[in-house]
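S.K.: Here's a sequence, model it:
(2 chains)
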Number of protein chains: 2
Amino acid sequence: MKKFAVLGCGVVGSGVVELFEKNKALIEKRCGQTLEMGYILDLRDFPDRPYANLLVKSIDPILADPDVAVVAECMGGIEPAFTFVKSCLEAGKSVATSNKELVAAKGDILLQTAKEHDCNFFFEASVGGAIPIIRPLHKCLAANDFSAIAGILNGTTNFILNKMIKENMDFETALALAQEKGYAEKDPTADVDGHDACRKICILSSLAFGKHVYPESVHTQGIRNVALKDVELCNQLGYSIKLIARVQRLENGKILPTVMPMAVEEDNLLSQVNGVYNAVMVRGDGISKAMFYGRGAGKLPTASAVLGDMIEEVQLDHTIPSQTWVNVGNTDFIEDFSAFSAKRYFRTTTADVHTLTEIFGELENRTVSTEDDETVFIVSASMNAADVDRAVKALAAKNIQVLAQYPVLVS
Amino acid sequence: MKKFAVLGCGVVGSGVVELFEKNKALIEKRCGQTLEMGYILDLRDFPDRPYANLLVKSIDPILADPDVAVVAECMGGIEPAFTFVKSCLEAGKSVATSNKELVAAKGDILLQTAKEHDCNFFFEASVGGAIPIIRPLHKCLAANDFSAIAGILNGTTNFILNKMIKENMDFETALALAQEKGYAEKDPTADVDGHDACRKICILSSLAFGKHVYPESVHTQGIRNVALKDVELCNQLGYSIKLIARVQRLENGKILPTVMPMAVEEDNLLSQVNGVYNAVMVRGDGISKAMFYGRGAGKLPTASAVLGDMIEEVQLDHTIPSQTWVNVGNTDFIEDFSAFSAKRYFRTTTADVHTLTEIFGELENRTVSTEDDETVFIVSASMNAADVDRAVKALAAKNIQVLAQYPVLVS
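M.R.: Numbers count the residues shown, from 1 in each chain, chains lettered A, B, ... in the order given. All right, here's what the predicted structure looks like:
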């Protein structure tokens, strides 16, 4: 018999309790032993809830109970989660967390602490909700040298962009709908401005390349300024605008993590990932490419990932070397965003394709000119920020403005 | 330091050797220790190959070497693979295999043997090539009660159907092209008649539901009789015909595994899985649904999966309870195919939609009538085999023939 504790009884924590109780027999069979819910830590009072007898307000009884083998951290935020998780690991109790903010900011320290105490810090639920991605990345795909990861890692922004594409809603209306449906917070900054996706690509980058990537090192741009017009016109060119969190390894060996709206070609499966679903595409030298798709958030989907970690932990009795990364103390391994180069979508104030070709070189076959004399097109050559600047200046000299531009995802 | 051995140096075995040598430093880092290739067993002679010094023709030196912790079985077929694998497990050496025939026929015995000797029988590479699916299913998703799995599990048939859809090739031409490109064997029976997909859905069903499902218990129908005309017309209705390997759990608790061509709606991601790619959609009560996508076969993709298993094994020192199933000695838990019920695509020799509606009840909005007075349509109600028989007879009484019918995938 082993026991577990749940820290934080909000959406995810109560999902862990619910899914465990529902599938207890099945879970114990898969664990190979009986498993008991020992403690639920929450600073709030829940007098009417079931399991009121398990509620505690301090981490101490959890730390002191030798039967507690694994702790589910579902509090969110950095403190007190960090202090609690660290104490658990130091007491030799493994932790499974859904807290991406914690993993992105403190993963290196917590992984090291786990290693030192021969237990594990698991975080499958921190990226992609229900989607198995952390374990596949460091176990199933462990023989691969990774070259790129690209994902739709935030369901709220994907829902908003989807409503814009499919129902011609503008950004503000789609955001209000997402808030009404409970997909977006009252303060939608973390989702809409890309910070949530940024934390997740930090975690995937750190795991794939072995060095801690902090959110501050990632060029992060959200979807607040994506115009409905661009979503529609880009679609007519055969592309969808999606918020893509991505990391690529460059020829110089450095990695370049980014979060930004990108134009994704129709025949790329990522363009077909709709609504609140998430997906992650991974490139490696053995697999070529693989994709993982599922619900990116929500009570039971996230609980499923936390419990999956806990079930693995119950079957283990030591730390797992493949799931780790280190803080190298500098960011020299991260390339500057100015080196980012890609094919690009442009919207300009001219219908004169000849002039556009003079400045940009070859354009992809399809261009669309609108009634108000704007033209949208995809430039065939790869352009970095400096190339874009030069083109913008050359156009300005001819009294042509660039109204929007998005890089094209090549995954 | 641990050593491994490779049994069988064909496509997959030589891929394991190649990918290991290429990424040795990375793999050892992820293993947390050094790893050495100790033996390559093959009954053939390879005098000019590298690693000729590692070649052996008997399993005995591998069994006798205490440093060999894990063995990659890439021979294919049931014997001598079964005897070799069983001896390895009995010697406490874990095995990673790409051999779906072996797992589908003998998985229960080999899993039991592994358990008894506190080692592991791993088979990530046996389903979906490079795609992580075995480990996600029994680890990441272990908190879920599964209700269905549906997949495109054979790249050869998917390539053929794709050529039919996209390039209007008939079956024979597309098969010849697949053979020319090396995707199909000279004797394409195992792929084309669904036996390969059948073995894979047996493995997934056994793992998800805990009881060994043998290929003989699975209704298996291949794509040999799929007419180009149906592929095209079905497409006009908004569906793609795909060879779908599937298992569902029915309300009576029994499971129903099937392999057959099915009509897959455009907005189902499985309909977008093209060429030699594979994908598996999993439904569970925690996750709702998740999908896994990647290369279903090939030298390095399959080697990536075998090595992933080996890397996990090197980090372990005991058997994993969650990855197992048992032979229950009967097939009472498997429902008869006559209970299979689904919406259906039909092609009939009449353009008289009124008569069709009389017999089938409501049809989906779109129907297509051809120049030669045939009509294709989707019946809205769910029909089992007896319902189809009744409809066929009722149509025959009016001199109308059913030329083709395919069930619709609801996943």
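
S.K.: And the helices in the stretch 1-150 of chain A, which stretches?
M.R.: Assigned by DSSP state H, counting those that start in this stretch, the stretch 1-150 of chain A shows helices spanning A:11-22, A:24-31, A:60-64, A:81-90, A:100-116, A:134-135.

S.K.: of the ones you listed, which approaches chain B most closely?
M.R.: helix A:24-31 (4.3 Å; C-beta to the nearest C-beta). For the C-beta atoms, the positions are set from N, CA and C on the backbone; glycine is no exception.

S.K.: Can you name every helix or strand that the closest one contacts?
M.R.: strand A:35-41, helix A:299-315 (3 or more C-beta pairs under 8 Å, 6 or more residues apart in numbering or on different chains; DSSP states H and E).

S.K.: now, of the ones you listed, which is deepest in the fold?
M.R.: The highest mean neighbour count among the helices and strands packed on helix A:24-31, using mean count of other C-beta atoms under 10 Å in any protein chain shown, belongs to helix A:299-315: a mean of 27.

S.K.: elements contacting that helix?
M.R.: For helix A:299-315, the packing partners by 3+ C-beta pairs under 8 Å, 6+ apart come out as helix A:11-22, helix A:24-31, strand A:68-73, strand A:94-97, strand A:121-122.

S.K.: who does the helix or strand that that helix is followed by pair up with?
M.R.: Per DSSP states H and E, helix A:299-315 leads on to strand A:342-348 as the next helix or strand towards the C-terminus. Paired strands of strand A:342-348, with direction, are strand A:375-383 (antiparallel), strand A:402-407 (antiparallel) (DSSP bridges).

S.K.: Quick one: residues contacting residue A:137.
M.R.: Residue A:137 sits next to A:204, A:207, A:208, A:282 when contact means C-beta atoms under 8 Å, 6 or more residues apart in numbering or on different chains.

S.K.: Relative to residue A:30, how far out is it?
M.R.: Per C-beta to C-beta, to the nearest Å, residue A:137 is found 22 Å from residue A:30.

S.K.: ok, back up a step: can I get the helices and strands packed on helix A:299-315 in a markdown table including mean pLDDT and mean neighbour count?
M.R.: Output for the helices and strands packed on helix A:299-315, formatted as a markdown table (pLDDT from 0 to 100; neighbours: other C-beta atoms under 10 Å in any protein chain shown):
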| stretch | mean pLDDT | mean neighbour count |
| --- | --- | --- |
| helix A:11-22 | 96 | 21 |
| helix A:24-31 | 96 | 18 |
| strand A:68-73 | 97 | 26 |
| strand A:94-97 | 98 | 28 |
| strand A:121-122 | 98 | 28 |
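
S.K.: For the worst-scoring helix or strand of chain A on mean pLDDT, name the packing helices and strands.
M.R.: In chain A, no helix or strand scores lower on mean pLDDT, DSSP states H and E than strand A:368-369, which sits at a mean of 91. Under the contact criterion of 3+ C-beta pairs under 8 Å, 6+ apart, strand A:368-369 touches strand A:375-383.

S.K.: what angle sits between whichever helix or strand comes after the strand it packs on and strand A:342-348?
M.R.: Downstream of strand A:375-383, the next assigned helix or strand under DSSP H and E is helix A:385-396. Angle of helix A:385-396 versus strand A:342-348, following axes from the mean of the first three to the mean of the last three C-alpha atoms, to 10 degrees, is 20 degrees.

S.K.: counting contacts, what elements does helix A:385-396 pack onto?
M.R.: Contacts defined by 3+ C-beta pairs under 8 Å, 6+ apart place helix A:385-396 against helix A:353-360, strand A:402-407.

S.K.: Which of the ones you listed has the highest mean neighbour count?
M.R.: Greatest average neighbour count among those goes to strand A:402-407 (a mean of 19), per mean count of other C-beta under 10 Å.

S.K.: Now do that strand: everything it contacts.
M.R.: Applying C-beta under 8 Å, 6+ apart, the set of residues contacting strand A:402-407 is A:227, A:229-230, A:234, A:241, A:260-263, A:340, A:342-349, A:374, A:388, A:391-392, A:395.

S.K.: hmm, try it at 6 Å
M.R.: If you take C-beta atoms under 6 Å, 6 or more residues apart in numbering or on different chains as the criterion, strand A:402-407 is touched by A:230, A:261, A:262, A:263, A:342, A:344, A:345, A:346, A:347, A:348, A:392.

S.K.: dump the residue contacts of the second one.
M.R.: So that's residue A:261. Here residue A:261 is in contact with A:223, A:226, A:241, A:243, A:406 (criterion: C-beta under 6 Å, 6+ apart).

S.K.: same question, the third one
M.R.: The neighbourhood of residue A:262, defined by C-beta under 6 Å, 6+ apart, consists of A:244, A:406, A:407, A:409.

S.K.: what helix or strand is it on?
M.R.: strand A:255-265.

S.K.: The helix or strand just after that strand pairs with which strands?
M.R.: Next along the chain after strand A:255-265, taking DSSP H and E as the criterion, comes strand A:277-284. Partner strands and pairing direction for strand A:277-284 (DSSP bridges) are strand A:146-152 (antiparallel), strand A:288-295 (antiparallel).

S.K.: Tell me how chain A divides into domains.
M.R.: Using automatic domain parsing, the domain ranges for chain A come out as A:2-130+A:300-315, A:135-295, A:341-407.

S.K.: Format these as CSV; extra columns: distance to residue A:328.
M.R.: Below are the domains of chain A laid out as CSV (distance: least, C-beta to C-beta, whole Å):
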stretch, distance to residue A:328
domain A:2-130+A:300-315, 9
domain A:135-295, 5
domain A:341-407, 25
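
S.K.: looking at the ones you listed, which is closest to residue B:54?
M.R.: With C-beta to C-beta, the closest approach to residue B:54 among these belongs to domain A:135-295: 18.8 Å.

S.K.: how far out from the middle of the chain is that closest one?
M.R.: Offset of domain A:135-295 from its chain centre (C-alpha atoms, centre = their mean, to the nearest Å): 7 Å.

S.K.: Check the model's average confidence along that domain for me.
M.R.: Regarding domain A:135-295, the rounded mean pLDDT is 96.

S.K.: Tell me the confidence at residue A:411?
M.R.: pLDDT for residue A:411: 68.

S.K.: Show me which residues of chain A sit near chain B.
M.R.: A:19, A:23, A:26-27, A:30, A:32, A:124, A:130-132, A:135-136, A:139-140, A:142-145, A:272, A:286-288, A:290-291, A:293-295, A:300-301, A:304, A:307-308, A:311-312, A:315, A:320-322 (C-beta under 6 Å from any C-beta of the partner chain).

S.K.: Please consider this matter closed, and thank you.
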